[in-house]
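Q: Sequence isn't available, so here's the structure alone:
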């Protein structure tokens, strides 16, 4: 698990205290998706509602 994934998990736990994998996922690490330039963390909270938090992925610059 990379630094961005850990940051999203930390942000989610600060906001919601306890988070759980959503759908049929077994671990929080399985709850990430990437879409174009965005990394998303999908998770459930204690009330069984599903939430998503995301961050923009930075593209590596090409060397000249």
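A: Great, that's in hand. Quantities reported herein were computed from a predicted structural model and do not represent experimental measurements.
Q: From residue 59, how far out is the residue lying closest to residue 16 once chain neighbours are set aside?
A: Ranked by C-beta to C-beta, 6 or more residues apart in numbering and with sequence neighbours excluded, the top spatial neighbour of residue 16 is residue 45, at 4.8 Å. The C-beta positions use only the backbone N, C-alpha and C, and glycine is treated the same way. In this view, residue 45 and residue 59 are 32 Å apart by C-beta to C-beta, to the nearest Å.
Q: Mind listing what's buried along the helix or strand residue 53 falls within?
A: Per DSSP states H and E: residue 53 is located in strand 50-56. Judged by neighbour count using 16 or more other C-beta atoms under 10 Å, the buried positions of strand 50-56 are residue 53.
Q: what pLDDT, on average, does it get?
A: Mean per-residue pLDDT for strand 50-56: 96.
Q: hmm, who's touching it?
A: 4, 7-8, 11-12, 16, 19, 22, 37-45 (C-beta atoms under 8 Å, 6 or more residues apart in numbering).
Q: Is it possible to mark the buried ones in those?
A: 8, 12, 16, 19, 22, 39, 41, 42, 43, 44, 45.
Q: In three-state terms, label the residue lying closest to the first one once chain neighbours are set aside for me.
A: It refers to residue 8. Sequence neighbours aside, residue 41 is the residue nearest to residue 8 in space, at 4.2 Å (criterion: C-beta to C-beta, 6+ apart). Put simply, residue 41 is strand when judged by DSSP: H, G, I helix; E, B strand; the rest coil.
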